[in-house]
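Q: Provided below are the primary sequence and the corresponding predicted coordinates.
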Amino acid sequence: MSIFEIGMLVGFGFAWPVNIYKSLKSRTAAGRSLTFQWAILFGYICGIIHKILYSNDIVLYLYILNFIMVSIDTFLYFRNRRLDRERLSSQTK
């Protein structure tokens, strides 16, 4: 277990609830990057696999928590994209 790894995960861990809140409040996918979110999810999956296979310690739970938060934000991206399409569709009628 590395204090720097913990610091990185806690730092990112504080950022994701803010992103989730912004996604909920804005109700738009504008300015969001699905590719970026997939890359972050991939990184957390790699971290989880590494912890399970080589270094099983409490930090694994930080990876899982961050993965869950990014997953929630990714689902909100799809919801917001649908809302964007509905708004656009209602404006063209």
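A: That came in fine, so what should we check first?
Q: centroid residue for this protein?
A: Val70 (1.6 Å; Cα atoms, centre = their mean).
Q: and the closest residue to Arg81 other than its chain neighbours, helix, strand or coil?
A: The shortest distance from Arg81 to any non-neighbouring residue, by Cβ to Cβ, 6 or more residues apart in numbering, is to Ala29 (4.2 Å). All C-beta atoms are positioned from the backbone trio N, CA, C, and that covers glycine. State at Ala29, reduced to three classes by DSSP: H, G, I helix; E, B strand; the rest coil: coil.
Q: kindly report the same for Asp57.
A: coil.
Q: pLDDT value on it, please?
A: pLDDT for Asp57: 94.
Q: ok, and the closest non-adjacent residue to it?
A: That would be Met1: by Cβ to Cβ, 6+ apart, it lies 4.6 Å from Asp57.
Q: before we move on, the earlier item: list the contacts for the residue nearest to Arg81?
A: Tyr77, Asn80, Arg81, Leu83, Asp84 (Cβ atoms under 8 Å, 6 or more residues apart in numbering).
Q: fine, thanks again, bye for now.
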